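Undergrad: show me the folded form of this:
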Amino acid sequence: MFVRVVNIKFSSKIEADAMNALAKHEMINNLPGILSIEVVRINDLHSIVINKFDCKDSAEKSKEIYINKMKSNPNIKVEIFEGDRSFIVENS
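TA: Sure, this is the predicted structure:
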């Protein structure tokens, strides 16, 4: 499993709401190899998104679909942190 954490800051609440709706209704169905999308809204303009993919290749393919478009938008600031899930320890 491969995890991508995306720190997103928007310049307007309208853009933030639109991206949240996109994640809920479109991204989950269009990204290859996506297992889950979790969105944590810090405030109206700042969100943290946790994407879980089946493998690194699927995560790389998804960058072309959404991440690169967000990075090219001057009204959205995007930071990405990603890696294999092996660094996460769960308490069972």
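Undergrad: what number of residues lie near residue 35?
TA: By other C-beta atoms under 10 Å, the residues close to residue 35 number 14. The C-beta positions use only the backbone N, C-alpha and C, and glycine is treated the same way.
Undergrad: just residue 21 next, same as before
TA: Count around residue 21 with other C-beta under 10 Å applied: 11.
Undergrad: tell me which stretches of this structure form helices.
TA: Listed from the start of the chain, the chain has helices (DSSP state H) covering 13-22, 28-30, 56-62, 68-72.
Undergrad: other residues contacting the shortest one?
TA: Spelled out, that is helix 28-30. 34, 37, 65 (C-beta atoms under 8 Å, 6 or more residues apart in numbering).
Undergrad: can you rerun that using 6 Å?
TA: residue 37 (C-beta atoms under 6 Å, 6 or more residues apart in numbering).
Undergrad: pLDDT on that helix, on average?
TA: Helix 28-30 shows a mean pLDDT of 85 in the predicted model.
Undergrad: what of the third one?
TA: Computed over helix 56-62, the mean pLDDT rounds to 90.
Undergrad: where in the protein is pLDDT low?
TA: By pLDDT under 70, the weakly predicted segments of the chain are 86-90, 92.
Undergrad: how close does the closest residue to residue 81 other than its chain neighbours get to residue 13?
TA: Leaving aside its chain neighbours, residue 81 sits nearest to residue 5 (4.5 Å; criterion: C-beta to C-beta, 6 or more residues apart in numbering). Using C-beta to C-beta, to the nearest Å, we find residue 5 at a distance of 22 Å from residue 13.
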